[in-house]
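In: Model the following, please.
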Amino acid sequence: MELQDLKPTPDSVDVFASGAIGGVLSWMLGEKKRSPWEALAIIIGGAFAAEYLTEAVLTLTQVQLPDRAVGFMLGVLGMRALDVVIGVFEQVAKDPKAVLEIVLNFVTKKFKIK
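Out: Numbering: from 1, shown residues only. As a prediction, the model looks like this:
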């Protein structure tokens with residue numbers, strides 16, 4: 001018997017549902033008005049983020065939390081993080097020069113380049 005045999009595996013249906021609920025909350029709390037397709041993508045994305053990442057998070061952190069709670073958090077946080085990434089890509093698409101200037105300013109200040 002190994003250590004992994006003692007560890008309970010997350011209940012797939014509960015985690016998926018918790019992630020979907022987290023995705024719904026993430027969609028409802030978002031600043032932008034989303035189309036129904038975007039909302040559906042956020043909800044499904046939250047559910048699948050929870051489904052595929054819950055066991056990894058529980059294993060890596062060794063935290064004793066209910067799998068549904070971790071699934072919910074992953075559903076909310078995963079979709080909010082994705083919303084930020086999409087916002088960055090949208091900003092780059094609108095004005096690539098401005099984003100490049102921000103990056104160059106950061107690098108020059110960080111490494112004290114003149």
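In: Look through this structure and tell me its longest helix.
Out: helix 67-94 (DSSP state H).
In: what about it, distance to the chain center?
Out: Here the centre of helix 67-94 is set off from its chain's centre by 4 Å, with C-alpha atoms, centre = their mean, to the nearest Å.
In: what does stretch 107-114 give?
Out: Stretch 107-114 sits 31 Å away from the centroid of its parent chain (C-alpha atoms, centre = their mean).
In: Pull the contacting residues for the residue positioned nearest the centre of the chain.
Out: In the chain, the centroid-proximal residue (C-alpha atoms, centre = their mean) is residue 78; its distance is 1.3 Å. By C-beta atoms under 8 Å, 6 or more residues apart in numbering, the residues touching residue 78 are 19, 22, 45-46, 49-50, 53. (C-beta placed from N, C-alpha, C; glycine too.)
In: Can you give me the buried ones in the longest helix of the chain?
Out: The neighbour-count check on helix 67-94 (16 or more other C-beta atoms under 10 Å) flags 67-68, 70-76, 78-80, 82-83 as buried.
In: circling back to that earlier point, which ones among the contacts of residue 78 map onto helices?
Out: Assignment to helices by DSSP H places the following of the contacts of residue 78 there: 19, 22, 45-46, 49-50, 53.
In: rewinding a little: biggest separation within the buried residues of helix 67-94, which pair?
Out: The most widely separated members of the buried residues of helix 67-94, counting by C-beta to C-beta, are 67 and 83 (24.3 Å).
In: Looks like residue 17 contacts residue 43 (just checking).
Out: No - taking contacts as C-beta atoms under 8 Å, residue 17 lies outside contact range of residue 43: 11.0 Å.
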